[in-house]
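A.B. asks: how does the following fold in three dimensions:
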Amino acid sequence: MLRLIVFNVLLFGCFLYALLKGGGPEKAAATILVVGSLLTPALATAQFSNRFSSVEMGIFAVDLIGLIALLLVALFAERYWPIWVAALQAISTAAHAVRLADPTVIRWAYAFALAFWSYPMLLLIIAGTWRHQKRLRLYGVDKSWSSFSGRWGLGRRLGPPAS
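C.D. replies: Sure, this is the predicted structure:
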């Protein structure tokens, strides 16, 4: 129970910090994690005592959609940290595939593989938000999205046009 309290405080603290102080990528990634965290228990079909004894396809779908969304953020963001967040989400999502391929995987190992990576993901978003604020203080602008993302209708320029 304490783990859930700590995680939720970190999750919603990260979300509020990103919304208030972050650029587009920070806000997008934090929102993706909050939506995924809210949908996961809503789509859980197993009783708590049987959780992680098999792959719950609804939770797998949430993690897979979250991975795709985080990959899009990583692709279009003018930052390095989203690549790491997407990679950690890929590890977590791969745990579902491993469990599908080998149902004998120990239940607690599967649970650990799903839950553990959420903490570093949140810490990366917090660090990314802090660095965004630092660049704003130093340079007055901090471009959130790469130049080619504007051609796709994604993001908007925060700084002067590239020359």
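A.B. asks: for residue 125, see how far away residue 137 is.
C.D. replies: The gap separating residue 137 from residue 125 is 19 Å, by CB to CB, to the nearest Å. From N, CA and C alone the C-beta is placed, and that goes for glycine too.
A.B. asks: those two: which is more packed in?
C.D. replies: Legend: neighbour count by other CB atoms under 10 Å for residue 137 and residue 125, higher for residue 125 (27 against 9).
A.B. asks: which SS class is the more buried one?
C.D. replies: Following DSSP: H, G, I helix; E, B strand; the rest coil, residue 125 is assigned to helix.
A.B. asks: near residue 51, how many other residues are there?
C.D. replies: Neighbours around residue 51, by other CB under 10 Å: 16.
A.B. asks: meant to ask about residue 22, not that
C.D. replies: For residue 22, using other CB under 10 Å, the count is 24.
A.B. asks: surely it and residue 30 touch.
C.D. replies: Yes. Between residue 22 and residue 30 a contact is recorded at 7.0 Å, counting by CB atoms under 8 Å.
A.B. asks: can you pull the residues that touch both of those two?
C.D. replies: Residues touching both residue 22 and residue 30 by CB atoms under 8 Å, 6 or more residues apart in numbering: residue 125.
A.B. asks: next, name the residue at the spatial heart of the chain.
C.D. replies: With distances taken as CA atoms, centre = their mean, residue 33 lies nearest the centre of the chain, 4.5 Å away.
A.B. asks: now the helix or strand harbouring that residue: how far from the chain's centre is it?
C.D. replies: Here residue 33 sits within helix 24-43, counting by DSSP states H and E. Distance of helix 24-43 from its chain centroid, counting by CA atoms, centre = their mean, to the nearest Å, is 7 Å.
A.B. asks: nothing else from me, thank you.
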